[in-house]
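S.K.: Sequence below, structure please.
(chains A and B)
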Amino acid sequence: MDSRAIVRIALLAAVIAVLGLLPSIALPIAGGVPITAQTLGVMLAGIVLGPRHGALAVLLFLAVVALGAPLLAGGRGGLGVFFGPSVGFLIGFVPAAYVTGAVMARVRRLPVFAAALIAAIGGGIVVEYLFGICGLMLMTKMDLLHAVMASAVFIPGDLLKALATAFVAEASHRTYPAAIASRA
Amino acid sequence: MIGGYATRRTWLHRVPAGTKLIALMACSLALLSVTDLRILVVVLALIGAVYLQFGREGWLRLRALRPLVLLLAIVGAFQAYATGWAGGIALIVRLLAMILLADLVTMTTTMSALMDAMAPVLRAVCPRSVNHRKISLAVALVLRFVPVLLAQWQARQEAWQARTNRRVPPRLIAAFVAETLQLADHVAEALDARGFDASPTPRN
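M.R.: Numbers count the residues shown, from 1 in each chain, chains lettered A, B, ... in the order given. Next up, the predicted model:
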């Protein structure tokens, strides 16, 4: 791995942190409903860096959080966050970024917006919730139905974030064509 | 940047990082299997007593958990609905105990000690590809660039808000991401120009 890859991974990890620390971003499509953007950063990492490096960026972000930096949305950090009920969603960031990147590389023939949207939904929602729901069941001993119900509340918000991810991917591709690994 | 490390020295600061991590894993696994509310309350009270030793700093740490309250309440309510009140309360107490215990390790261990403690684990999991120097560089870059990028973002946001009173659109994130990637490529060139060597063994 050359230094360009390391620095890109590190800066994308920093972007995930920054997006989580912002108060909120308004999405025009949602009538301006404010949402935090941390998962947006996770989906972007996969799309921009590709599956392996994207997953490494998320892993690096989680490692820095585990080391005590308060970079999680809401300003939490430290080992404690890995023992809360939402730990599955946190760990799930890594495979979510990987799958997002893998799908993005697969659908190279589609326009960037459509490809990124499919990738973000596949990785950022399907894979992310798979891990999140399993984590919730493990930590709280909820049964599957209740865990799904408790998580489903957040799906509309995450669908909007997938849409925002697609917007951002397309716009950054236009601004800096080398931005997306699988399209450079 | 504010870290999780508490500066006021306690006996826990002197325990080696590896021991604390192993103890944390063992305690958390044990707590997962405890369902008796009385035992859980005693454990939580013991952990709370350790927090008292940190004085004001410990109290501030407890207050930092406020964003969790809603989440714990929802999860507890679900559990109470499924298994009765005792189950719901036991769940909340157990999760709180596990979170506070893990935060104690963060409060009493420096980042570099934690990284050193994790190095043998990393080597065991993926012996070939893991390179301590690269990981240290990456962690340092993240810590250095979070405040830089945050300042850049805030400047961008202020510029936007000076021109319109609408909220920040995703378009602004796109420009931010594109600029950050360009910055990354410049930083990489700068590192290479200054002779940073990412290969596993230093050349000299």
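
S.K.: Okay, helices next: where are they in chain A?
M.R.: For chain A, the helices defined by DSSP state H occupy A:3-21, A:38-49, A:51-66, A:87-106, A:112-121, A:128-140, A:144-152, A:155-175.

S.K.: which residues are contacting stretch A:47-59?
M.R.: The contact list for stretch A:47-59 (C-beta atoms under 8 Å, 6 or more residues apart in numbering or on different chains) reads A:5, A:8-10, A:12-13, A:16, A:42, A:45-46, A:93-102, A:104-105, A:116, A:119-120, A:165, A:169, A:172, A:179-182, B:177, B:181. No exception for glycine: its C-beta is placed from N, CA and C like everyone else's.

S.K.: and after the least confident helix or strand in chain B by mean pLDDT, which helix or strand comes next?
M.R.: One helix or strand of chain B scores below all others by mean pLDDT, DSSP states H and E: helix B:111-125, with a mean of 78. Toward the C-terminus, helix B:111-125 is succeeded by helix B:132-163 as the next helix or strand (DSSP states H and E).

S.K.: Toward the C-terminus from that following helix, list the very next helix or strand.
M.R.: Sequence-wise, the next helix or strand downstream of helix B:132-163 (DSSP H and E) is helix B:170-193.

S.K.: Is that following helix positioned near chain A?
M.R.: Yes - for helix B:170-193 and chain A, the contact criterion (C-beta under 8 Å from any C-beta of the partner chain) is met by B:170-171, B:173-185, B:187-189, B:191-192.

S.K.: Could you list every helix and strand in contact with that helix?
M.R.: In terms of contacts (3 or more C-beta pairs under 8 Å, 6 or more residues apart in numbering or on different chains; DSSP states H and E), helix B:170-193 is packed against helix A:3-21, helix A:38-49, helix A:155-175, helix B:132-163.

S.K.: Out of those, the one nearest A:G80 is which?
M.R.: Of all the helices and strands packed on helix B:170-193, it is helix A:3-21 that lies closest to A:G80, at 16.3 Å by C-beta to C-beta.

S.K.: the inter-axis angle of that closest one versus helix A:38-49?
M.R.: Note on geometry: by axes from the mean of the first three to the mean of the last three C-alpha atoms, to 10 degrees, helix A:3-21 and helix A:38-49 are set 160 degrees apart in direction.

S.K.: Could you figure out how far helix A:3-21 is turned away from helix A:87-106?
M.R.: In terms of direction (the same axes, to 10 degrees), helix A:3-21 departs from helix A:87-106 by 130 degrees.

S.K.: Kindly spell out which helices and strands sit in contact with helix A:3-21.
M.R.: Packing partners of helix A:3-21 (3+ C-beta pairs under 8 Å, 6+ apart): helix A:38-49, helix A:51-66, helix B:132-163, helix B:170-193.

S.K.: would you turn those into CSV with distance to B:V105, mean pLDDT and mean neighbour count?
M.R.: Shown next, in CSV, are the helices and strands packed on helix A:3-21 (distance: least, C-beta to C-beta, whole Å; pLDDT from 0 to 100; neighbours: other C-beta atoms under 10 Å in any protein chain shown):
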stretch, distance to B:V105, mean pLDDT, mean neighbour count
helix A:38-49, 23, 92, 31
helix A:51-66, 10, 93, 24
helix B:132-163, 18, 86, 16
helix B:170-193, 32, 87, 18
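
S.K.: With distance to B:L68 as new columns, can the ones you listed be given to me in TSV?
M.R.: As requested, the helices and strands packed on helix A:3-21 are arranged in TSV below (distance: least, C-beta to C-beta, whole Å):
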stretch	distance to B:L68
helix A:38-49	16
helix A:51-66	15
helix B:132-163	22
helix B:170-193	27
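
S.K.: Those: which one's closest to B:V75?
M.R.: Taking C-beta to C-beta, helix A:38-49 is the member of the helices and strands packed on helix A:3-21 nearest to B:V75, at 19.6 Å.

S.K.: Okay, angle between the closest one and helix A:112-121 too, please.
M.R.: Using the same axes, to 10 degrees: helix A:38-49 against helix A:112-121 is 120 degrees.

S.K.: quick one on the thing from earlier: now what about the least confident helix or strand of chain B, what contacts it?
M.R.: The contact list for helix B:111-125, computed with C-beta under 8 Å, 6+ apart, reads A:66-68, B:3, B:5, B:16-18, B:21, B:109, B:130, B:132, B:135-136, B:139.
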